[in-house]
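1. Sequence below, structure please.
(chains A, B, C and D)
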There are 2 protein chains.
Amino acid sequence: MPVAAKPKRRPAKNPAASPKPYHHGDLRRVLIEAALQLAGEGGAEAVSVREAARRAGVSPGAPFRHFPSRDALMTAVAGEAQQRFRAEISAALAEVPDSDPLARFRALGLAYLRWAMRNPAHFEIISSGRYFVHDKAADLSRDNAELIGLVERTLADAFALGQLRSGDLKRVQIAGRALVYGFARMNIDGHFPRWGIAEDEAGATAEAILDLFIEGIARRPNG
Amino acid sequence: MPVAAKPKRRPAKNPAASPKPYHHGDLRRVLIEAALQLAGEGGAEAVSVREAARRAGVSPGAPFRHFPSRDALMTAVAGEAQQRFRAEISAALAEVPDSDPLARFRALGLAYLRWAMRNPAHFEIISSGRYFVHDKAADLSRDNAELIGLVERTLADAFALGQLRSGDLKRVQIAGRALVYGFARMNIDGHFPRWGIAEDEAGATAEAILDLFIEGIARRPNG
DNA sequence: AATCTTTGTATGCGGTGCTTACATTCACGA
DNA sequence: TCGTGAATGTAAGCACCGCATACAAAGATT
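-> Next up, the predicted model:
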């Protein structure tokens, strides 16, 4: 199949050549982007190597030059998604002063929930542990450990300032994590209709349960 | 392929005939059982129609006489699993008197968590909303609605007896659900190693966070 | 300019869910 | 009692998937 008028390829790598060149340019990046898009459209399960290749305009085997397996692609996708997730959390934390750790804790939880509500499929890829092997993704694990450490310090600060009722911080942290993770997953897994929570109510409900939790762990002046 | 000595089939339906008869007997039941077993071994995703058929000693197309799709099979599997789930909860509730609704609430949460810890794959099939369409499974939905109603009444009773701090029962209920669901899913999704929770600690941790939550919503005599 | 490495294509294997056409057995009614 | 139709199995094949191998094209290096 002779390609129409092979354009002799300019020496410098100028990607403006109209008939698509043999080499893609940055296929790796494009594949990750396509996978993110696929996930956003049809859920995390809808991501397939072949379809990502199709969208990149490339043969079904090409992606395997960049990712040895589907899981490897998903790991890269998870890395990109987690980066965005962390960025949102950092932005939210930047608006709350260090002097009020409990407020920071709340802001963190809120940012977590908001991002998870808006990017359910991406959140699932990051957290479900079904799309890549966490042990192999050192960056992701380290990043996640940092987040855990941040929460730990925040809670410790809050307790030191007398904002918390109980000193069992690990228990508080795990419970808090379970709460937000559970709410995020209830959204992903389609539980909200069964609970009479409309789509536009999800944000308010998220805030409500987070506040309930915080009221539960906070020191209260009177009964 | 002449089957060895076709045994003339006794008139009455006696399944003791050793060379396997053309008709299976109760393929539907056996397929559900095989699927439950497959899920228990390799997670919910490991369930395939072909493998279930293989284990039932039947051709790959045979299951489709009983289930129009894989999802239909999974719906039946979910029905069976949910029945067992509800049985465990009912058993736990039977041991706590009606006079202490908050204790009943706790027992319910504990039974929920225990079953989810012991049957992660089955729990996932029931609750993930990825293996069957909930709208089509009227029995499951009704059953689930009953459970929600039970929790609602329990909380209302607790509030009436002055056991609760807040009267916003819907919020309490959703938060409680998110908590236990999140913890159960953290187990399924492999989050516990990252949180330093060993397998034999999961039960104790589950109890701990449930108690933290209950302490948070309970009326306390002194600050 | 020649060669090596990278990155694409072509092709094919085994797995999956699902469909259609056909075979066998059961159950019911004349 | 015996046909006949309904129920339930098999066989074969489709499209899709992840993935491996062999080959071709383009860049990079010397």
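
2. Return the helix or strand in chain A with minimum mean pLDDT.
-> Taking mean pLDDT, DSSP states H and E as the measure, helix A:138-160 is the helix or strand of chain A with the lowest mean score, a mean of 95.

3. quick one: buried residues of the helix or strand following it?
-> Scanning the chain past helix A:138-160 towards its C-terminal end, the next helix or strand to appear is helix A:169-188 (assignment: DSSP states H and E). By neighbour count, and taking 16 or more other C-beta atoms under 10 Å in any protein chain shown as the criterion, the buried residues in helix A:169-188 are A:169, A:171-188. All C-beta atoms are positioned from the backbone trio N, CA, C, and that covers glycine.

4. near chain B, from those residues?
-> A:171-172, A:174-175, A:177-183, A:185-186 (C-beta under 8 Å from any C-beta of the partner chain).

5. From those residues, pick the one nearest residue B:54.
-> Checking these against residue B:54 by C-beta to C-beta gives residue A:185 as the nearest, at 32.3 Å.

6. Touching, that closest one and residue B:182? I think so.
-> Yes: taking contact to mean C-beta atoms under 8 Å, the distance of 6.6 Å between residue A:185 and residue B:182 places them in contact.

7. mind listing what's buried in the helix or strand residue A:33 falls within?
-> Assigned by DSSP H and E, residue A:33 belongs to helix A:27-42. Using 16+ other C-beta under 10 Å as the burial criterion, the residues of helix A:27-42 that qualify are A:27, A:28, A:30, A:31, A:32, A:33, A:34, A:35, A:36, A:38, A:39.

8. after that helix, next one along is what?
-> Scanning forward in sequence from helix A:27-42 by DSSP H and E, the next helix or strand is helix A:49-55.

9. Contact partners for the spatially closest residue to residue A:219 that is not a sequence neighbour?
-> Nearest-residue entry for residue A:219: residue A:165, 4.9 Å, with adjacent residues in sequence omitted and distances by C-beta to C-beta, 6 or more residues apart in numbering or on different chains. With contact set as C-beta atoms under 8 Å, 6 or more residues apart in numbering or on different chains, residue A:165 has these partners: A:217, A:218, A:219, A:220.

10. before we move on, what about residue A:181?
-> If a contact means C-beta under 8 Å, 6+ apart, then residue A:181 has A:127, B:182, B:185, B:186, B:191 as its contacts.

11. Pull the number of nearby residues for the nearest residue to the last one once chain neighbours are set aside.
-> Take residue B:191 and drop its neighbours on the chain: the residue closest to it by C-beta to C-beta, 6+ apart is residue A:129, 7.1 Å away. Counted with other C-beta atoms under 10 Å in any protein chain shown, the neighbours of residue A:129 add up to 18.

12. Could you check how far residue A:129 is from DNA strand C?
-> Residue A:129 sits 21 Å away from DNA strand C, going by C-beta to the nearest atom of the strand, to the nearest Å.

13. Could you list the domains of chain A?
-> Each structural domain of chain A that the record assigns through automatic domain parsing is listed here as a residue range: A:27-65, A:78-217.

14. Those: which one's closest to residue B:121?
-> Each of the domains of chain A has some distance to residue B:121 by C-beta to C-beta; the shortest is domain A:78-217, at 11.9 Å.

15. can you give me the end-to-end distance of that closest one?
-> 32 Å (C-alpha to C-alpha, to the nearest Å).

16. relative orientation of the host helix or strand of residue A:90 and helix A:138-160 in degrees?
-> Taking DSSP H and E as the definition, residue A:90 sits inside helix A:70-93. Helix A:70-93 and helix A:138-160 meet at an angle of 30 degrees, taking axes from the mean of the first three to the mean of the last three C-alpha atoms, to 10 degrees as the criterion.

17. orientation of helix A:70-93 relative to helix A:27-42 in degrees?
-> Angle, helix A:70-93 to helix A:27-42, by the same axes, to 10 degrees: 80 degrees.

18. and the nearest residue to residue A:174 once chain neighbours are set aside, how far is that from residue B:27?
-> The spatial neighbour of residue A:174 that comes closest, neighbours along the chain excluded (C-beta to C-beta, 6+ apart), is residue B:209 at 5.7 Å. With distances defined as C-beta to C-beta, to the nearest Å, the gap from residue B:209 to residue B:27 amounts to 43 Å.

19. isn't there a strand covering residue A:220?
-> No: with DSSP: H, G, I helix; E, B strand; the rest coil as the criterion, residue A:220 is located in coil rather than a strand.

20. quick one: contacts of stretch A:149-156?
-> Outside stretch A:149-156, the residues touching it (C-beta under 8 Å, 6+ apart) are A:101, A:104, A:105, A:108, A:164, A:169, A:172, A:173, A:176, A:177.

21. Next: stretch A:106-120.
-> The contact list for stretch A:106-120 (C-beta under 8 Å, 6+ apart) reads A:40, A:81, A:84-85, A:88-89, A:91-93, A:95-96, A:123, A:150-151, A:154, A:176, A:180, A:183-184, A:187-188, A:202-203, A:206-207, A:210-211, A:214.

22. likewise stretch A:84-103?
-> Contacts of stretch A:84-103 with the rest of the structure, by C-beta under 8 Å, 6+ apart, involve A:104, A:107-108, A:110-112, A:114-115, A:119, A:122-123, A:126, A:143, A:147, A:154-155, A:157-158, A:161, A:163-164, A:214, A:218.

23. Are any of those buried, and if so which?
-> Buried positions within the contacts of stretch A:84-103, assessed by neighbour count (16+ other C-beta under 10 Å), are A:104, A:107-108, A:110-112, A:114-115, A:119, A:122-123, A:126, A:143, A:147, A:154-155, A:157-158, A:163-164, A:214, A:218.

24. Assign a three-state SS to the residue nearest to residue B:191, would you?
-> Under three-state DSSP, residue A:129 comes out as coil.

25. if I pick it, what's in contact with it?
-> Shown here is residue A:129, whose contacts under the criterion C-beta under 8 Å, 6+ apart are B:189, B:190, B:191.

26. Got phi/psi on it?
-> For residue A:129, the backbone dihedrals (degrees, to the nearest 10) come out as phi 70, psi 20.

27. Please name the nearest non-neighbouring residue to residue A:162.
-> Counting by C-beta to C-beta, 6+ apart, residue A:219 is the residue found nearest to residue A:162 once chain neighbours are left out, at 6.1 Å.

28. Please apply the same query to residue A:76.
-> Residue A:76's closest residue in space is residue A:32 (C-beta to C-beta, 6+ apart), at 5.2 Å.

29. Wait, that neighbour touches residue A:80, no?
-> Yes: under the criterion of C-beta under 8 Å, residue A:32 makes contact with residue A:80 at 5.7 Å.

30. how about low-confidence regions in chain A?
-> Low-confidence regions of chain A, defined here as pLDDT under 70, cover residues A:1-22, A:222-223.
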